[in-house]
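Student: got a predicted structure plus its sequence, pasted below:
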Amino acid sequence: MDADEGCTVGCGAFVRPCLDERANPVDTCGVATGARAPRRSRACRDGGAVGLWFGSLSGVEPSDLTDLGLVGALPVSSIAALLLLTVSFCLSLRGPLREPLLLAHVVCLIAMLYGATSFIEEVPRTLTVWRHLGVVDYIVQHGSVDTMIDAYFNWPGFFVLGAFFTEVLGLQDPSSLANWSPLIFNALYLPPLLVIMRSFTNDRRLVWLSIWLFYATNWVGQDHLSP
């Protein structure tokens, strides 16, 4: 190899990494900035949707609820927040499969839909819930059950568990636990839903789409504090 040939090879070895670096810029941490941009964009969309949703709910009062329920009292901005999160989820579903990102979207949806009533109302409004709370409170106060008071005391397992969490969490009364039960229950639905959906299909995108549709169309009124 002569001097000119050696120079050509040496310069080529030096220039190629430089060209590759231009095509895929790398920051000081060694992470491609081009790959980080979409992630930041999705994070901004999700955070903006959640912030806009709960910011819109801050002006809603329980007296604003109509016969249609919460839907009749929601401002336009809250609907826009829900649409923004849905669009972000669909874009994430179309792109490279990142299940943690899809999980983050589902968690945001659960918080928005099933935490809304807890955010607006200080106490539960379902009559059945107060009956259940009475059983839980009796167990908290007396540490036992009395089957002569109500038939519910004949099946005390759920109510004993409610009394347990009321005391462990240091709540003054079980109504606080009941107020957030829709959000807690729906979060607990997620692991079994994943198992069920994966038993029907190996397509992970279809799995996450099914879970999204479940939460988006589920009736929120059935998730109150109940066995």
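Tutor: Structure received.

Student: contacts, neighbours, all on C-alpha from now
Tutor: Will do.

Student: for the nearest residue to residue 156 once chain neighbours are set aside, grab phi and psi.
Tutor: Leaving aside its chain neighbours, residue 156 sits nearest to residue 145 (7.4 Å; criterion: C-alpha to C-alpha, 6 or more residues apart in numbering). According to degrees, to the nearest 10, the main-chain angles of residue 145 amount to phi -120, psi 160.

Student: what do you get for residue 115?
Tutor: phi -100, psi 0.

Student: contact partners for it?
Tutor: In this structure, residue 115 makes contact with 180, 182, 183, judged by C-alpha atoms under 8 Å, 6 or more residues apart in numbering.

Student: just the CA atoms of the helix or strand harbouring the second one, as CSV, please.
Tutor: Under DSSP states H and E, the secondary-structure element containing residue 182 is helix 181-200. Extracted in CSV, the C-alpha atoms of helix 181-200 (Å, rounded to 0.1, in the frame of the first residue of the first chain):
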residue,chain,number,x,y,z
SER,A,181,-63.3,2.9,44.7
PRO,A,182,-64.3,3.3,41.0
LEU,A,183,-60.7,4.4,40.2
ILE,A,184,-59.2,1.6,42.4
PHE,A,185,-61.4,-1.1,41.0
ASN,A,186,-60.7,-0.2,37.4
ALA,A,187,-57.0,-0.1,38.0
LEU,A,188,-57.3,-3.7,39.4
TYR,A,189,-59.2,-4.8,36.3
LEU,A,190,-56.2,-4.2,34.1
PRO,A,191,-54.0,-7.3,34.9
PRO,A,192,-56.8,-9.8,34.4
LEU,A,193,-57.9,-8.0,31.3
LEU,A,194,-54.4,-8.4,29.8
VAL,A,195,-54.5,-12.1,30.5
ILE,A,196,-58.0,-12.5,29.0
MET,A,197,-57.2,-10.5,25.8
ARG,A,198,-53.9,-12.3,25.3
SER,A,199,-55.7,-15.6,25.5
PHE,A,200,-57.7,-14.6,22.4
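
Student: now for that helix, which elements pack on it?
Tutor: Counting contacts by 3 or more C-alpha pairs under 8 Å, 6 or more residues apart in numbering; DSSP states H and E, helix 181-200 packs against helix 99-114, helix 204-217.

Student: please identify, among the contacts of residue 115, the one with the most neighbours.
Tutor: The most neighbours of any of those, using other C-alpha atoms under 10 Å, belong to residue 182, which has 25 neighbours.
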